[in-house]
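Engineer: Pasting the sequence and the predicted coordinates here, then a few questions.
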Amino acid sequence: MKVYSISCHCGRVSARFCRKEHLPLTVWDCNCSDCKMRRNLHFMVHASDFWLTKAEFEQNTTLYQWGTKTAIRRFCSTCGILPFYIPRSNPDGFAITLPCVDWGEDGPPPTEVKLFDGVSSI
């Protein structure tokens, strides 16, 4: 397992996650109204493989919820970027925004983009 860092543009919101390096990565292109407007490409990490790196997370973010209020989206209050969130479709994990990851010197793993029908998901 390798540890990777993620952050917003200004760096006030950051976290780390671990995954087996060199394994192909499935990235989701969701069509729900939120992801579609943000052109969000994300991949999932189980909650046990994810941790925040700054204690001031809630103070540095703005909560945005809509609809069922199941998804938890906390945008950076300074730069507006959403580096990760808890999606409605997978509340036991974190959706990581692909461009917010620092993959290090090796770069990102092989990546496949798949469509996810967030409009029809429960």
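Structural biologist: Okay, I see it.
Engineer: Show the average pLDDT along stretch 86-100.
Structural biologist: Averaged across stretch 86-100, pLDDT comes to 92.
Engineer: do stretch 45-54 as well
Structural biologist: 94.
Engineer: Mean pLDDT per helix and strand in the protein: which one sits at the bottom?
Structural biologist: Using mean pLDDT, DSSP states H and E, helix 33-38 stands out as the lowest-scoring helix or strand of the chain, at a mean of 80.
Engineer: Mind checking what secondary structure residue 81 has?
Structural biologist: coil (DSSP: H, G, I helix; E, B strand; the rest coil).
Engineer: May I have the residues that are in contact with it?
Structural biologist: Applying Cβ atoms under 8 Å, 6 or more residues apart in numbering to residue 81 gives the contacts 8-10, 13, 75, 97, 100. Any C-beta I mention is one placed from the backbone N, CA and C, and that applies to glycine too.
Engineer: just to revisit the earlier point, starting from the helix or strand just after the least confident helix or strand of the chain, tell me which strands it pairs with and how they run.
Structural biologist: Using DSSP states H and E, the helix or strand that follows helix 33-38 in sequence is strand 41-46. Strand pairing for strand 41-46, determined by DSSP bridges: strand 25-30 (antiparallel), strand 93-97 (antiparallel).
Engineer: looking at the ones you listed, which is closest to residue 44?
Structural biologist: Smallest distance to residue 44 across those (Cβ to Cβ): 4.9 Å, for strand 93-97.
Engineer: and the closest residue to residue 96 other than its chain neighbours, what is it in contact with?
Structural biologist: Spatial nearest neighbour of residue 96, chain neighbours left out: residue 84 (5.1 Å); criterion: Cβ to Cβ, 6 or more residues apart in numbering. Contacts for residue 84 (Cβ under 8 Å, 6+ apart) come out as 6, 15, 50, 94-97, 100.
Engineer: Of those residues, which is the nearest to residue 109?
Structural biologist: residue 96 (12.8 Å).
Engineer: any idea how far residue 60 is from the closest one?
Structural biologist: Remark: distance between residue 96 and residue 60 (Cβ to Cβ, to the nearest Å) = 18 Å.
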